[in-house]
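Got a predicted structure plus its sequence, pasted below:
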There are 2 protein chains.
Amino acid sequence: MEQPPIGDVFGEMIRDAYAVHTGVGPRPLAGGRVPRPVIEVIERDDGLINGAPADHYLAEPADWQPHDHRALRLCRGHVLDIGVGAGRTAVELQKRGMAVTGLDTSPGAIEIARRRGLRDTVLNTVDAYASASVRYDTFLLLGNNLGLLEGPERAPVFLDALARLANPGARLIAQGTDPYGTTDPVHVSYHRRNRERGRLGGQLRLRLRYRLLATEWFDYLNCSVEELEALIQGTAWRLKAVDDGDRPYYTAVLELAG
Amino acid sequence: MEQPPIGDVFGEMIRDAYAVHTGVGPRPLAGGRVPRPVIEVIERDDGLINGAPADHYLAEPADWQPHDHRALRLCRGHVLDIGVGAGRTAVELQKRGMAVTGLDTSPGAIEIARRRGLRDTVLNTVDAYASASVRYDTFLLLGNNLGLLEGPERAPVFLDALARLANPGARLIAQGTDPYGTTDPVHVSYHRRNRERGRLGGQLRLRLRYRLLATEWFDYLNCSVEELEALIQGTAWRLKAVDDGDRPYYTAVLELAG
């Protein structure tokens, strides 16, 4: 098989999901006739493949998980939504009158977030954006985007970039997943294999695929709260609270050390 | 990435889809907590990847497409449902008092079809089963399984195997898709690429993937009615009627030459 070219997988997918959602614009068809749901395809480096409907990226507040609503109540001041995607939560914060900026590395995602009404968007990495002079009071890593910490090497670099963008007393609200409650042998073996390679058990190595495109392989971290505490040691951030009312999902609140 | 091992992809998928559908037995979980819909992942040899919810394999008659109902009304006598899958249509025919055998090459599919009440099942290829002494009056290739003709080489071999299993005057009811109505450049290019390689435009080269497993690469044919007529030239079968009321899908009725 031909190797799929690298491209804006997430953006292409979100564009199609939005077209199916609204019924407007060109959208993928089954046999040229029946609009089909847009599916996100995720490959893991052990060969595991998983498809998941993409429509949750466009879900209205009424359809959110309870922990999403609880996370939003923790926002204050100037908010940076990291990995804003289609703007699911940023648009809602904007509606509530908050000052919110949506950051994403996907041009397609930013395009859709803007089309859905999000006014302040940044197409950039956190690292490059950290040299900007703007400052934030709240950073959001929602939708499991605590995963963007990637692992022990990347986490302090990422958290340092956020510290440079932070006002004094800023907080980071991050949704993660503790991967170790599973008994599924496919995942248990994967965690063991990762540890044997000197990685955290839930340090997933993934790529996304959509239609003809693929992303590069990247690390995405599912970690326990204990692992998170170890990762932030030596950074400017302190773990302030954990909401684990929807295990294995949790929301961690980190605060900039005073 | 590791190459996924070859296995009963369809069977594993149907087993999980059935577990999610019924809420009984082990089923794939999102983060160990929320049951997720089972998704069929299909790769094409140009790198195209597509995910589609698997629950249509378990759909009740009320949720079928109109052409499915019309196809079933064409059944008579002893019926062989080829690629019976989870028994979606065979179980319904059995309920209507018809003599129906479900054939599939997937052990997992046969297991689920039996669990859903289908009494007469065959785990075999059409080719190997053709040496059996049993005879049928109707052969079903539903759910786009006209695709099992694969292409110009395989079609006459496959149709000959069915002829050996056929009573005089037997009919073959086959659902196909005319692939050439699309304007999607991804598909138009693929059809051209196929023709440049001496293949029919819609002669798809595919493999299925589910979790850790993959199938071998196989041909699966989407062809126009004109192409179908050319393919059956020289076989024991004649095209008797075409129901194309749900274009680009169609149901072809073939009859054994008298």
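That came through, no problem.

list the helices and strands the strand ranked longest in chain A packs on?
In chain A, assigned by DSSP state E, the strand with the most residues is strand A:166-177. In this structure, strand A:166-177 makes packing contacts with helix A:66-72, strand A:136-141, strand A:249-256, judged by 3 or more Cβ pairs under 8 Å, 6 or more residues apart in numbering or on different chains; DSSP states H and E. Glycine gets a C-beta too; all of them are placed from N, C-alpha and C.

okay if I get those as CSV plus mean neighbour count?
Rendered in CSV, the data for those read as follows (neighbours: other Cβ atoms under 10 Å in any protein chain shown):
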stretch, mean neighbour count
helix A:66-72, 17
strand A:136-141, 24
strand A:249-256, 21
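
what is the mean pLDDT for stretch A:106-118?
Along stretch A:106-118, the predicted local confidence has a mean pLDDT of 98.

Just send the helices and strands packed on strand A:166-177 back as JSON lines, with mean pLDDT too.
As requested, these are arranged in JSON lines below (pLDDT from 0 to 100):
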{"stretch": "helix A:66-72", "mean pLDDT": "94"}
{"stretch": "strand A:136-141", "mean pLDDT": "98"}
{"stretch": "strand A:249-256", "mean pLDDT": "97"}
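
What count of nearby residues applies to the residue lying closest to residue A:213 once chain neighbours are set aside?
Sequence neighbours aside, residue A:7 is the residue nearest to residue A:213 in space, at 3.8 Å (criterion: Cβ to Cβ, 6 or more residues apart in numbering or on different chains). For residue A:7, the number of neighbouring residues by other Cβ atoms under 10 Å in any protein chain shown comes to 15.

was I right about residue A:7 contacting residue A:209?
No. Under the criterion of Cβ atoms under 8 Å, residue A:7 is not in contact with residue A:209, lying 10.2 Å apart.

Contacts for stretch A:44-56 next, please.
By Cβ atoms under 8 Å, 6 or more residues apart in numbering or on different chains, the surrounding residues in contact with stretch A:44-56 are A:13-14, A:16-17, A:20-21, A:37-43, A:186, A:189-190, A:193, A:204-206, A:217, B:1-5, B:30, B:36-37, B:39-41, B:51, B:53, B:209-212, B:214.

In that stretch, which residues are buried?
When neighbours are counted by 16 or more other Cβ atoms under 10 Å in any protein chain shown, the buried residues of stretch A:44-56 are found to be A:44-51, A:53-55.

As CSV, those with distance to residue B:254 would be great.
Shown next, in CSV, are these (distance: Cβ to Cβ, whole Å):
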residue, distance to residue B:254
A:44, 44
A:45, 46
A:46, 45
A:47, 40
A:48, 41
A:49, 36
A:50, 39
A:51, 35
A:53, 37
A:54, 40
A:55, 40
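
Which of these fall in strands?
With strands identified by DSSP E, the entries of these that belong to them are A:44, A:49-51, A:53.

ok, so of these, who is nearest chain B?
Nearest to chain B among those: residue A:51, at 3.0 Å, using Cβ to the nearest Cβ.

partners of that closest one in the sheet?
For residue A:51, the beta-bridge partners under DSSP bridges are residue A:41.

Report how many residues lie close to residue A:243.
By the other Cβ under 10 Å criterion, the neighbourhood of residue A:243 contains 17 residues.

sorry, back to before: how about the buried residues of stretch A:44-56 in TSV, adding pLDDT?
Output for these, formatted as TSV (pLDDT from 0 to 100):
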residue	pLDDT
A:44	97
A:45	96
A:46	96
A:47	95
A:48	96
A:49	96
A:50	94
A:51	95
A:53	92
A:54	94
A:55	91
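
quick one on the thing from earlier: type out the ChimeraX command that picks the buried ones from the contacts of stretch A:44-56.
Selection of buried members from the contacts of stretch A:44-56 for ChimeraX, criterion 16+ other Cβ under 10 Å:
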select /A:13,14,16,17,20,21,37,38,39,40,41,42,43,190,204,205,206 /B:4,36,37,39,40,41,51,53,209,210,211,212,214
